[in-house]
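**Q** Here's my sequence, what's the structure:
(chains A and B)
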Number of protein chains: 2
Amino acid sequence: MTAQTILFDFSVDSERTTDTKQRQEIAKVVRGEVENIFPQVELAYQMTMEDGFFCVFTENKETMITLRIFQQGLVTLNIEYYLEDGKEPLMTFDTMRTMELVLRQKLHSDRSKYLPPIKRGGYIDIYMTSSDERIIEYDIDALVFEERSPFQKIQILHSKTLGNMLILDELQNIAESDLIYTETLMGRGIENYEGKEICILGGGDGALLYELLKEKPKFVVMLEIDELVMQACNKYLNTICGDVLEKRKGDNYEIVVGDCVEYMKKFVNENRKFDYVFGDLTDIPISGAPVGEIWDFIRTILEHSFKILKPDGKYLTHGNGTACTESLELFEDQLRLLRPKVNFTTSKAFVPSFMEEWLFYQVSLA
Amino acid sequence: MTAQTILFDFSVDSERTTDTKQRQEIAKVVRGEVENIFPQVELAYQMTMEDGFFCVFTENKETMITLRIFQQGLVTLNIEYYLEDGKEPLMTFDTMRTMELVLRQKLHSDRSKYLPPIKRGGYIDIYMTSSDERIIEYDIDALVFEERSPFQKIQILHSKTLGNMLILDELQNIAESDLIYTETLMGRGIENYEGKEICILGGGDGALLYELLKEKPKFVVMLEIDELVMQACNKYLNTICGDVLEKRKGDNYEIVVGDCVEYMKKFVNENRKFDYVFGDLTDIPISGAPVGEIWDFIRTILEHSFKILKPDGKYLTHGNGTACTESLELFEDQLRLLRPKVNFTTSKAFVPSFMEEWLFYQVSLA
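**A** Residues are numbered from 1 along each chain as shown, chains lettered A, B, ... in the order given. Presented below is the predicted three-dimensional model:
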């Protein structure tokens, strides 16, 4: 059960939209086509502006249709109605396509567009946004798991083509389709993990740990604060994490449930050092000044990580969407402020479930 | 210059939306919040339904805001205005986020959503749809090339993160980000092209030819009908096609401009046979019965391809989005009808510029 909003628009010569009479003519043409689909349609309201036109049509007070003519040469037509489960939509894709083409011709439009119906009010959110705030509609067909932990809202959603997806506080984290994410984060084929000591900060989905263990490290310790994330991923994402979240420890790894900063402090006291530290925690905030709780957290993580890294060790982490240049620059500024000084390189990969290209960092002492 | 349409929705207890008085209360709350952003807002029209409520607010007859309350427990709020180039949007992402959160709280909503502004009427179309009709907003920032050939509308669009993209008749074809597409189509690492004779049907973007030539084939002949596509790709997609479209022929390849069916008939007459034939032509139609011009074309291509293949040869082609099961089944039905009989296998890859997983076919004589 969702409200369906269907948006059409038509570009027309602005000479025709600046003239009151021609605007009336456009409205008449649109109404005619709307009547073909919604035969009972009536004009409910109209507003004549100096520079445009707006009206509301309705069919049985159920389907509401607004038409607006902008003097700049644009006609927008919005159709909205409520679709009960199991009912047929009032407009099929064929009807929409036909309506677009017919109106395009009748309005002498040189550019037109309709968007597939926007489904509003559904319990599962199928519209997510990229890091640069673009709309992406997912083929999500089931809510597999939803629970609130003391730290975050945890959801596992099922996508028809991406498999199960982990969503934390409404943000895409990782999906069954995303081996490339983990491989780029760890630089598979570039870094050599054999015999190495590794610390993962976060990484609750278990994918990084699972892939690292295939590379024969000496020991991996993973510090994850959220028990519930691990339980959910163990159950619903085991294609990407294998049995590492189930077992929690093995000959060459251990998962510790706790605050990674506290554990890093402990490692500093014990003088325990690693060849690699992975920052697999929350994303860099996408905009704004580098202040506030999250940026403080990022700085704390960076500083402590270098305290537990061997001199030739590396800190590997994910950044943000490559389109998010402002946010990436802020993060790089933080790297440049680190003392002792560090150098960094980057790598990138298109991550299927993010539907965008993501940037990853490799940071080492200068 | 585009019209901006911003869509908010709030789920509320349906007990509150079935009662006329409570609906008035909801409308009042929404109006209060709208006034915070649009101080001059006025009620232009309202319609009371037996089972709902609808009203139109306007600020200066420029910003039109429609509010609808559905008895099923859903409130939709649509804001639409025209944004001239260089002007600041009336709502920033912070304003939208705040409005959503405040209204969510004031309406005692347990689920709410806003979509980033939908930009309508722009000359470049940034909204494309997946094969299963999902909305995907691209980060396209430039129209690099646009021309109509005798066969199709050809566009090269630039995406900030995907690079240049070839769009034919409004459909994504290939982008600079899509090596995986070509590699999966040709089964790189699985098929051995060394010393082989190959025929490409279509392939005007040049990427397949370019990648095949790296595998040391004996000879590749490419049959492309659209000269203009090749000129555009040679100029704007040379990261994926190298110089093959520029040179048109070499020691081990030749591009022929013409109708591939005619040339296949010629090859049949000459008894010229190939180890591989690639169907790199138009996509399978996404729905409907397997009738009509395009399906006839697909059948013709398949039949002729097997006439020019050696007995152990392979026909390799792209199918459609893996979500498009209906269309894929229709194609497979066609394969099953072929005589002599054929076997087929499939492979798939997530193609960045398609923003979805695509299916590829490998067909050989049974």
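**Q** Please make it C-alpha for all contacts and neighbour counts, starting now.
**A** Will do.
**Q** Could you report the pLDDT at the residue of the stretch 51-200 of chain A found nearest chain B?
**A** In the stretch 51-200 of chain A, the residue that lies nearest chain B is residue A:136 (4.7 Å; Cα to the nearest Cα). We have a pLDDT of 97 for residue A:136.
**Q** For residue A:276, see how far away it is.
**A** Noted for residue A:136: a distance of 35 Å to residue A:276, by Cα to Cα, to the nearest Å.
**Q** Give the pairing partners of the host helix or strand of residue A:276; include direction for each.
**A** Using DSSP states H and E, the element containing residue A:276 is strand A:274-280. The strands beside strand A:274-280 in its sheet (DSSP bridges) come out as strand A:197-202 (parallel), strand A:309-321 (parallel).
**Q** Tabulate those strands in a markdown table, adding columns for mean pLDDT and mean neighbour count.
**A** Putting the strands paired with strand A:274-280 into a markdown table (pLDDT from 0 to 100; neighbours: other Cα atoms under 10 Å in any protein chain shown) gives the following:
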| stretch | mean pLDDT | mean neighbour count |
| --- | --- | --- |
| strand A:197-202 | 97 | 25 |
| strand A:309-321 | 96 | 22 |
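**Q** Give me the next element, helix or strand, following the longest helix seen in chain A.
**A** Across chain A, the longest stretch assigned as helix under DSSP state H is helix A:20-37. Once the chain leaves helix A:20-37, the next helix or strand it forms, by DSSP H and E, is strand A:42-49.
**Q** I would like the residues contacting the host helix or strand of the residue of the stretch 51-200 of chain A closest to chain B, please.
**A** Secondary structure from DSSP H and E places residue A:136 in strand A:135-137. For strand A:135-137, the external contacting residues (Cα atoms under 8 Å, 6 or more residues apart in numbering or on different chains) are A:126, A:127, A:128, A:129, A:130, A:355, B:115, B:116, B:134, B:135, B:136, B:137.
**Q** Tell me the secondary structure at the third one.
**A** Reducing the assignment to helix, strand or coil with DSSP: H, G, I helix; E, B strand; the rest coil, the entry for residue A:128 is strand.
**Q** quick one: contacts for it?
**A** A:135, A:136, A:137, A:138, A:171.
**Q** who's it bridged to?
**A** residue A:136.
**Q** ditto for residue A:57
**A** residue A:43, residue A:65.
**Q** gap between it and residue B:27?
**A** To residue B:27, residue A:57 is 20 Å away according to Cα to Cα.
**Q** next one: residue A:100
**A** 33 Å.
**Q** If you drop the residues flanking it in sequence, what lies closest to residue A:127?
**A** residue A:137 (4.5 Å; Cα to Cα, 6 or more residues apart in numbering or on different chains).
**Q** And residue A:14, by the same measure?
**A** Residue A:14 sits nearest to residue A:73 (Cα to Cα, 6+ apart), 3.9 Å away.
**Q** ok, now which ones touch that neighbour?
**A** By Cα under 8 Å, 6+ apart, the contact set of residue A:73 is A:11, A:12, A:13, A:14, A:15, A:16, A:17, A:18.
**Q** what helices or strands is the helix or strand bottoming out on mean pLDDT in chain A leaning on?
**A** Least confident element among the helices and strands of chain A, by mean pLDDT, DSSP states H and E: helix A:293-307 (a mean of 89). Packed against helix A:293-307 by the contact rule (3 or more Cα pairs under 8 Å, 6 or more residues apart in numbering or on different chains; DSSP states H and E) you find helix A:260-270.
**Q** pLDDT averaged over the helix it packs on, what's the number?
**A** For helix A:260-270, the per-residue pLDDT averages 96.
**Q** Can you add neighbour count and give the contacts of residue A:128 back as JSON lines?
**A** Formatted as JSON lines, the contacts of residue A:128 follow (neighbours: other Cα atoms under 10 Å in any protein chain shown):
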{"residue": "A:135", "neighbour count": "19"}
{"residue": "A:136", "neighbour count": "22"}
{"residue": "A:137", "neighbour count": "20"}
{"residue": "A:138", "neighbour count": "23"}
{"residue": "A:171", "neighbour count": "18"}
